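# below are the sequence and a predicted model; questions follow.
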Amino acid sequence: MAKIIVVTSGKGGVGKTTTSASFATGLAMRGHSTAVIDFDVGLRNLDLIMGVERRVVFDFVNVINGEARLSQALIRDKQNDKLAILAASQTRDKDALSTEGVERVLNELAQDFEYIICDSPAGIEKGAFMAMYFADEALVVTNPEVSSVRDSDRVLGILAAKSRKAERGEGKVREHLVLTRYSAARVTRGEMLSVDDVKDILAIPLLGVIPESPTVLTSSNSGTPVITDPASEAGLAYQDLVARFLGEERPMRYITEQKKGLFSKLFGNGQ
Amino acid sequence: MDWLKFFRGQPKNTAATAKERLMIAVAHQRQGTSNGLSYLGPLREELLAVVRKYVQVADTAVQVNVQREDGLEVLEMNITLPDRN
């Protein structure tokens, strides 16, 4: 049985696509066949973050409309043959995603892949709803910031009430908190909500804390998911996150301030 | 460098303020969903819409709650009207 996991947040710009790309890549790096789908119809970006933008010929909506076969639209990652990407359509409107169409594509993917990652668009409209409707589990990406936390709470409410699992009374979508853009130094100074603050408010289990890191931007510049960068703190935090998702125990890193020595203050590259 | 704080002034702990404000915002948002009664949210929304046909009130003006006591369920509704000035 393939597992469907939605990466969602409500608020935009908190790191859903970054997380989807690294999470999917991480699962594939660990040997699990994984497909990642961009549900942001009209504003596709996952292809850019994964560095496959020049290989998109057919997209998700083409497959739903029967204009292309799934095998034609799936882009196999060049570094990892366990990983495949299904791009969002750039031109159509969001109504192009029908419940039946999405279900058909997910069922077909489920025959070949262990994990199906659904990268949700921001907001709580059709695209976001479709991305979460079929989910077994959810990664709720949150920044330690008031509007993001409130929006995440809203999304948790929708997951609990409107997902297919909830509608059919098949139990709950399993929720995981992913706290991104975390700055332990600012938490120490009382400028930023701490991990515990956010956990207290959202009351869901924490899967990972991704520190604010300049490598997230530089990785996106080159179209390589940050998890593949062994020199990046954010990348290592994503590796831990994937390991925890697969059932391993890993201590949380980067949640307490690392005092920098004089040497790294002078010569450190700020990672 | 604690002596620097003397010149900078004590920074306010804004994170604590953020948490406090969020607790309230989220509690309001969750009304009805946390106690397993999924209809309370929509009920509150519809009541709010009806009240607003006649009076302009804030988002938080209608509160709906269920109290359970000795196997008895009481639906408690609280509608706060604005001051008449």
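Yep, it's here.
# and the helices in chain B?
Taking DSSP state H, the helices of chain B run over residues B:3-8, B:14-29, B:40-54.
# which one of the ones you listed lies nearest to A:R154?
Within these, the stretch nearest A:R154 is helix B:14-29; the backing value is 6.2 Å (Cβ to Cβ). C-beta here means a position set from N, CA and C on the backbone, and glycine is covered the same way.
# hmm, who's touching that closest one?
With contacts defined as Cβ atoms under 8 Å, 6 or more residues apart in numbering or on different chains, helix B:14-29 is touched by A:145-146, A:149-150, A:153-154, A:157, A:187, A:190-194, A:197, A:200-201, B:60.
# please name every helix or strand in contact with whichever strand or helix holds A:G157.
A:G157 is located in helix A:146-162, with elements delineated by DSSP states H and E. Packing partners of helix A:146-162 (3 or more Cβ pairs under 8 Å, 6 or more residues apart in numbering or on different chains; DSSP states H and E): helix A:126-133, strand A:137-142, strand A:174-182, helix A:195-202, helix B:14-29.
# please enumerate residues in contact with it?
Under the contact criterion Cβ under 8 Å, 6+ apart, helix A:146-162 has outside partners A:8-11, A:14, A:124, A:128-129, A:132-133, A:135, A:138, A:140-143, A:166, A:172-173, A:175, A:177, A:193, A:198, A:201-202, A:204, B:18, B:21-22, B:25-26, B:29-30, B:33, B:38, B:41.
# tell me which residues of stretch A:213-230 come out buried.
By neighbour count on 16 or more other Cβ atoms under 10 Å in any protein chain shown, the buried set for stretch A:213-230 is A:S213, A:T215, A:V216, A:S219, A:S220, A:T224, A:P225, A:V226, A:I227, A:T228, A:D229.
# where does chain A get nearest to chain B, which residue?
Residue of chain A nearest chain B, by Cβ to the nearest Cβ: A:G190 (3.6 Å).
# sketch out the low-pLDDT regions of chain B for me.
B:1-11, B:31-38, B:85 (pLDDT under 70).
# which positions in it make contact with chain A?
Residues of chain B lying near chain A by Cβ under 8 Å from any Cβ of the partner chain: B:11-16, B:18-19, B:21-23, B:25-26, B:29-30, B:33, B:38, B:41.
# 7 Å instead, please
Residues of chain B lying close to chain A by Cβ under 7 Å from any Cβ of the partner chain are B:11, B:13-16, B:18-19, B:21-23, B:25-26, B:29-30, B:33, B:38.
# among these, who's most crowded?
In terms of neighbours by other Cβ atoms under 10 Å in any protein chain shown, those top out with B:L22 at 22 neighbours.
# tell me how far it lies from A:D153.
8 Å (Cβ to Cβ, to the nearest Å).
# for chain A, which residues are neighbours of chain B?
Residues of chain A lying near chain B (Cβ under 7 Å from any Cβ): A:146, A:149-150, A:153-154, A:157, A:160-161, A:187, A:189-194, A:197, A:201.
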